[in-house]
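Trainee: Any chance you could fold what I've pasted below:
(2 chains)
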Amino acid sequence: KNEVEQSPQNLTAQEGEFITINCSYSVGISALHWLQQHPGGGIVSLFMLSSGKKKHGRLIATINIQEKHSSLHITASHPRDSAVYICAGNTDKLIFGTGTRLQVFP
Amino acid sequence: KAGVTQTPRYLIKTRGQQVTLSCSPISGHRSVSWYQQTPGQGLQFLFEYFSETQRNKGNFPGRFSGRQFSNSRSEMNVSTLELGDSALYLCASSLAISQETQYFGPGTRLLVL
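Mentor: The predicted model follows:
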């Protein structure tokens, strides 16, 4: 049983569109990470949050503790945003979602 | 500051061999975590080291082991390699415990033939 569920699995968008990726998690997770993985494998940590909302550039992450749900939003999407986005929950270790493959076309 | 470095970047081994992968964390980071990524299972936690002590271990067989040195550099070892061990192995470092923001290395891609 995966304690972190992500949706959708795949997402395509036109440049400029607003994008939302969702992550639901089970009890026992104290914080939620959003990661970005480009082709070739390198992973970048985008956000870590345990409450509220964080923003960095065109990326916004929100978390609702009561509903055990987090979202990653990308405003004004660009082809360079094409990547796999992974959410991961913190227990005493990171538990990963299966990832969302995003492709943004010009 | 230099980022997390991993060596080697690519490796080909045959079944039954053993392999050692190395990870150098960002200077000043004391926690190093290791992860395995495969197409079928995705990203999975292997283990975490902090101040030379294994702090946590994932659900992997005893063939997977690791250690951390006094300079925080870490190695992981896989003995008696199996075809299913073919994967991207990633390490990540953080200042203290893994619950903080982690900084990932580029990974070592291991192919077992």
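Trainee: quick one: residue B:37 from residue A:32, how far?
Mentor: Distance of residue B:37 to residue A:32, computed by C-beta to C-beta, to the nearest Å: 19 Å. Quick note: C-beta positions are derived from backbone N, CA and C, even for glycine.
Trainee: Of these two, which one has the most company?
Mentor: Set residue B:37 next to residue A:32 and count neighbours by other C-beta atoms under 10 Å in any protein chain shown: residue A:32 wins out with 26 against 20.
Trainee: partners of the helix or strand hosting the more buried one in the sheet?
Mentor: Counting by DSSP states H and E, the element that carries residue A:32 is strand A:31-37. When pairing is defined by DSSP bridges, strand A:31-37 lines up against strand A:43-49 (antiparallel), strand A:83-90 (antiparallel).
Trainee: Of the ones you listed, which stretch is the most buried?
Mentor: strand A:83-90 (a mean of 23; mean count of other C-beta atoms under 10 Å in any protein chain shown).
Trainee: Could you export it as PDB, CA atoms only?
Mentor: The C-alpha trace of strand A:83-90 is given here as PDB (Å, rounded to 0.1, in the frame of the first residue of the first chain):
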ATOM      1  CA  ALA A  83      10.100  17.000 -16.300                       C
ATOM      2  CA  VAL A  84       8.800  14.400 -13.900                       C
ATOM      3  CA  TYR A  85       7.400  15.900 -10.700                       C
ATOM      4  CA  ILE A  86       7.500  13.700  -7.600                       C
ATOM      5  CA  CYS A  87       6.000  14.300  -4.200                       C
ATOM      6  CA  ALA A  88       7.500  12.600  -1.200                       C
ATOM      7  CA  GLY A  89       6.200  12.300   2.300                       C
ATOM      8  CA  ASN A  90       8.400  12.400   5.400                       C
END
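Trainee: Off-centre distance for it?
Mentor: Distance, stretch centre to chain centre, for strand A:83-90: 5 Å (C-alpha atoms, centre = their mean, to the nearest Å).
Trainee: Is chain B within reach of the helix or strand just after it?
Mentor: Per DSSP H and E, strand A:83-90 leads on to strand A:94-96 as the next helix or strand towards the C-terminus. Yes: using C-beta under 8 Å from any C-beta of the partner chain, strand A:94-96 comes into contact with chain B via A:94-96.
Trainee: Name every strand pairing with the helix or strand harbouring residue B:48 and say which way it goes.
Mentor: Residue B:48 belongs to strand B:42-50 when assigned by DSSP H and E. Sheet pairing of strand B:42-50 (DSSP bridges) gives strand B:31-38 (antiparallel), strand B:53-57 (antiparallel).
Trainee: Could you export the residues of strand A:94-96 next to chain B as JSON lines, including pLDDT and neighbour count?
Mentor: Below are the residues of strand A:94-96 next to chain B laid out as JSON lines (pLDDT from 0 to 100; neighbours: other C-beta atoms under 10 Å in any protein chain shown):
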{"residue": "A:94", "pLDDT": "87", "neighbour count": "26"}
{"residue": "A:95", "pLDDT": "90", "neighbour count": "21"}
{"residue": "A:96", "pLDDT": "93", "neighbour count": "22"}
